[in-house]
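Chemist: what follows is a protein structure lacking sequence information:
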């Protein structure tokens, strides 16, 4: 039973560019959340997707956007990258009917230069 | 707003000794509480959670945590530490409402010396 799969594992982008990160949830899960973990800090909630809609959003600018597909996989898009966007981006999946059972992926390490 | 405090940046313990990693929280209503562990360059690995019921929760790898509502605490414990327990530990909280976001603490680095 596959867990949460994130791609790519590492990424280097230049300031001002755009990036797309991908997440495949654990089999049977229908909800995907994204978190940003800056170096030396705890993860910060970006947003959550359920039924292909953004259901809840954290304190992140509109440069951060997402999408959920009919197969429950999800993308995180960040536009106009800033140096401060360098972080580990974590995807967590869960089942709506058991909303406290989160499974995290290994993350995508984004470096903005 | 919900919040989590992990007052210790680092905890040092000798192998074989008991360990405690502290966590206090603030949330409206009843909490869901979680502990995760993170190894270098890895994602978060689930250890245990408190949803309801017994205040003492047993989790993976011999870890346990005690929910104390009056002190709003959820400290992580293990009777006998292993060198392989050395990692970064995060406490997280969410409430029982429709808001599903986890709020994490800043993390505590556990160093177990041989």
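Modeler: Ah, there it is. All figures in this text were calculated on a predicted structure; none of them were measured in a lab. Numbers count the residues shown, from 1 in each chain, chains lettered A, B, ... in the order given.
Chemist: CA atoms for contacts and neighbours, from now on please.
Modeler: Fine.
Chemist: how about the secondary structure of residue A:17?
Modeler: Secondary structure, DSSP: H, G, I helix; E, B strand; the rest coil: residue A:17 is coil.
Chemist: residues in contact with residue A:77?
Modeler: A:18, A:19, A:20, A:21, A:63, A:64, A:65, A:66 (CA atoms under 8 Å, 6 or more residues apart in numbering or on different chains).
Chemist: actually residue B:48, sorry about that
Modeler: In this structure, residue B:48 makes contact with B:34, B:35, B:36, B:57, B:58, B:59, B:60, B:63, B:64, B:65, judged by CA under 8 Å, 6+ apart.
Chemist: now with 7 Å?
Modeler: For residue B:48, the contacting residues are B:34, B:35, B:58, B:59, B:60, by CA atoms under 7 Å, 6 or more residues apart in numbering or on different chains.
Chemist: that one: which element?
Modeler: When elements are defined using DSSP states H and E, residue B:48 is found to belong to strand B:44-50.
Chemist: what segments of chain A are strands?
Modeler: When secondary structure is read from DSSP state E, chain A shows strands at A:5-7, A:10-13, A:19-24, A:31-37, A:44-50, A:53-57, A:64-68, A:74-78, A:87-95, A:98-104, A:108-112.
Chemist: and residue 19, how many neighbours?
Modeler: I went with chain A, as the question did not name one. Taking other CA atoms under 10 Å in any protein chain shown as the criterion, the count of residues near residue A:19 is 18.
Chemist: oops, chain B please
Modeler: In terms of burial, residue B:19 registers 21 neighbours under the definition other CA under 10 Å.
Chemist: quick one: it and residue B:75 touch, right?
Modeler: No. The criterion here is CA atoms under 7 Å, and residue B:19 misses it with residue B:75 at 10.1 Å.
Chemist: ends of stretch A:75-92, what's the gap?
Modeler: For stretch A:75-92, the first-to-last residue distance is 12 Å (CA to CA, to the nearest Å).
Chemist: beta partners for residue 20?
Modeler: Going with chain A. Residue A:20 has the following beta-bridge partners by DSSP bridges: residue A:77.
Chemist: looking at chain B here, not the other one
Modeler: Legend: beta-bridge partners of residue B:20 under DSSP bridges are residue B:77.
Chemist: measure it to residue A:16 for me?
Modeler: As for residue B:20, its distance to residue A:16 is 44 Å (criterion: CA to CA).
Chemist: who has more neighbours out of those two?
Modeler: Neighbour count, other CA under 10 Å: between residue B:20 and residue A:16, residue B:20 has more, with 18 against 14.
Chemist: low-confidence bits of chain A, can you list those?
Modeler: For chain A, the stretches with pLDDT under 70 are A:1-2, A:99.
Chemist: give me the residue at the spatial middle of it.
Modeler: Of all residues in chain A, the one closest to the mean position by CA atoms, centre = their mean is residue A:34, 3.3 Å from it.
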